[in-house]
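In: model the following, please.
(2 chains)
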Amino acid sequence: MQLVDHDTFLKQLVTLFESSKDQGSIWITHKRLCYDKEDTTMKVEDGVEDPHAYPCLLRVSNGDKVKFSTKVDSTDLLKFHQVYGALLKSCMTSLRKRDKKREKQRAEEAAARKKKLSEPVVVNGSKRGNGRRKRQRQIKAALKQQETLGKIKAKEEAKAKAKLTSEEAL
Amino acid sequence: MVYINSWQEYQDAAEALYKKSPFKTRYCVKWKSSEGKLVLKITDNVSCIKFKTYSSIYLNRFEALNISLMEKMQNRRVVQPDPPPSELADPPARNSPGPTSSVTTAASGPTSGGVKKKKAKKKK
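Out: Residues are numbered from 1 along each chain as shown, chains lettered A, B, ... in the order given. Predicted coordinates for the structure are as follows:
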């Protein structure tokens, strides 16, 4: 694992982004560096504010052979992040742009689905003879609707419970 | 599963997780260019939260979250005891005039030249 300085790090990151445009992935990990050539300080007393300032460790890999890392001190963070953030934004170009059409479509589909659930399924038609199959299908649809409504209710209750327990914990 | 669908929820959960265990939490970013997929993962080896996206609308928010988390990692004291202002003022003052003066002279060079040119034209 190469530990490099900021400029080399950023340059290597750029080349890595370019080399894995069509194939492969890039992993970037950020972590607090509490190793100071001595024992790692991993415990802090609860309730006491930690007065130390730690450097931040950034590790980059492409999953295969390229691995490098850098340390960012608290004094350099702003400057480093300006370049780093701009770099990331400029390299991640193959993300889809804001597709208003698709978003609209999705929103419409979701609204239609909700509407369907709210309207009760009418079960009419003859039980025997012509229209029996249609009636069977309606019965099935009604059952399905009841199930989904029940599931939604259960989810909401679970959410509400989780919220309550988290609030109690706080 | 571990994936969260709303960005705001993910951001809140990430910051809460970091507050809970600042030493063990790591924040990982995976970028797959061929697919155009960005995955953010934050974990403290006990619980893990992920966010996945294909759209570029989250880039700015991602950058904001990045710097917010990195600041938390560094845990620098924002309010520092002020040493006598003269001491503080002088070294940065000494440092800044150095590069800035060169910049200003360089900038004023063409501008003053332009001004001179304008004046000359006006006189003409």
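In: which helices and strands sit right next to the lengthiest helix in chain A?
Out: Using DSSP state H, we find that the single longest helix of chain A is helix A:132-169. Using 3 or more CB pairs under 8 Å, 6 or more residues apart in numbering or on different chains; DSSP states H and E, the elements in contact with helix A:132-169 are helix A:100-118. Quick note: C-beta positions are derived from backbone N, CA and C, even for glycine.
In: so the helix it packs on versus helix A:132-169, what angle?
Out: Interaxial angle of helix A:100-118 relative to helix A:132-169 (axes from the mean of the first three to the mean of the last three CA atoms, to 10 degrees): 100 degrees.
In: tell me the buried residues in the longest helix of chain A?
Out: Buried residues in helix A:132-169, counted by 16 or more other CB atoms under 10 Å in any protein chain shown: A:138, A:145.
In: check what contacts the lowest-mean-pLDDT helix or strand in chain A and list those residues.
Out: Counting by mean pLDDT, DSSP states H and E, the weakest-scoring helix or strand in chain A turns out to be strand A:2-4, with a mean of 84. Identification of contacts with strand A:2-4 by CB atoms under 8 Å, 6 or more residues apart in numbering or on different chains yields A:12, A:67-71.
In: which SS class is the residue of chain A positioned farthest from its centre?
Out: Residue farthest from the centre of chain A, counting by CA atoms, centre = their mean, is A:Gly129 at 53.3 Å. Here A:Gly129 is coil, with the state taken from DSSP: H, G, I helix; E, B strand; the rest coil.
In: ok now do it, which residues does it touch?
Out: If you count contacts by CB under 8 Å, 6+ apart, A:Gly129 has none.
In: what is the burial count for the closest residue to A:Lys97 other than its chain neighbours?
Out: The shortest distance from A:Lys97 to any non-neighbouring residue, by CB to CB, 6 or more residues apart in numbering or on different chains, is to B:Ser56 (5.6 Å). Applying other CB atoms under 10 Å in any protein chain shown, we find 18 other residues in the vicinity of B:Ser56.
In: and B:Ser56, how close does it get to A:Thr93?
Out: Look at B:Ser56 and A:Thr93: by CB to CB, to the nearest Å, they are 8 Å apart.
In: how far off centre is the helix or strand following the least confident helix or strand of chain A?
Out: Per DSSP states H and E, the first helix or strand lying C-terminal to strand A:2-4 is helix A:6-19. Mean-position distance between helix A:6-19 and its chain equals 25 Å (CA atoms, centre = their mean, to the nearest Å).
In: partners of the helix or strand following helix A:6-19 in the sheet?
Out: Using DSSP H and E, the helix or strand that directly follows helix A:6-19 along the chain is strand A:25-32. Sheet pairing of strand A:25-32 (DSSP bridges) gives strand A:56-61 (antiparallel), strand B:26-32 (antiparallel).
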